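# Fold the following.
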Amino acid sequence: MQLNLDNFQLEPGQVRMITKDSGQTVQSIEILLGDQTKAEMMVDEKLNVMNLVVRDTVLADIPQLQCAINKETLRNFIIGLNKLHNSLK
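Residues are numbered from 1 along each chain as shown. Here you go, the predicted model:
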């Protein structure tokens, strides 16, 4: 059985987390940044990095932004996000 996630469209600002092992392992995270811009983050277990891809969800011919992020950079990013989160009232 295959689940078609395209039937569950995200609204701008919403996050979707794909997990396995009854939610124990995160496979990917998606956030819709705008009406047609999505960021996807997924682990590459072979290279031991997180791949980040930002793409236009409507216009397939526009180049996507893509990079691999190591564990230390990801940690620093999460710390920064946590500090931003804590500053919100």
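
# neighbouring contacts of stretch 54-73?
32-33, 36-40, 44, 47-53, 77 (Cβ atoms under 8 Å, 6 or more residues apart in numbering). The way it works is simple: take the backbone N, C-alpha and C, and place the C-beta from them, glycine included.

# Now list the buried members of these.
32, 37-38, 40, 49-50, 52 (16 or more other Cβ atoms under 10 Å).

# In helices only, show me the contacts of stretch 54-73.
Judged by DSSP state H, helices contain the following of the contacts of stretch 54-73: residue 77.

# quick one: which two of the contacts of stretch 54-73 are the most distant?
In the contacts of stretch 54-73, two members sit farther apart than any others by Cβ to Cβ. They are 36 and 48, at 31.5 Å.

# gap between the closest residue to residue 37 other than its chain neighbours and residue 15?
Nearest residue to residue 37 in three dimensions, chain neighbours excluded: residue 56, at 6.1 Å (Cβ to Cβ, 6 or more residues apart in numbering). Distance, residue 56 to residue 15, by Cβ to Cβ, to the nearest Å: 19 Å.

# ok, now residue 25?
For residue 25 relative to residue 15 (Cβ to Cβ), the value is 17 Å.

# re the thing from before, distance to residue 62 and pLDDT for the buried ones among the contacts of stretch 54-73 - can I get that in a markdown table?
Shown next, in a markdown table, are these (distance: Cβ to Cβ, whole Å; pLDDT from 0 to 100):
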| residue | distance to residue 62 | pLDDT |
| --- | --- | --- |
| 32 | 16 | 91 |
| 37 | 10 | 88 |
| 38 | 12 | 89 |
| 40 | 15 | 92 |
| 49 | 24 | 94 |
| 50 | 23 | 93 |
| 52 | 17 | 93 |
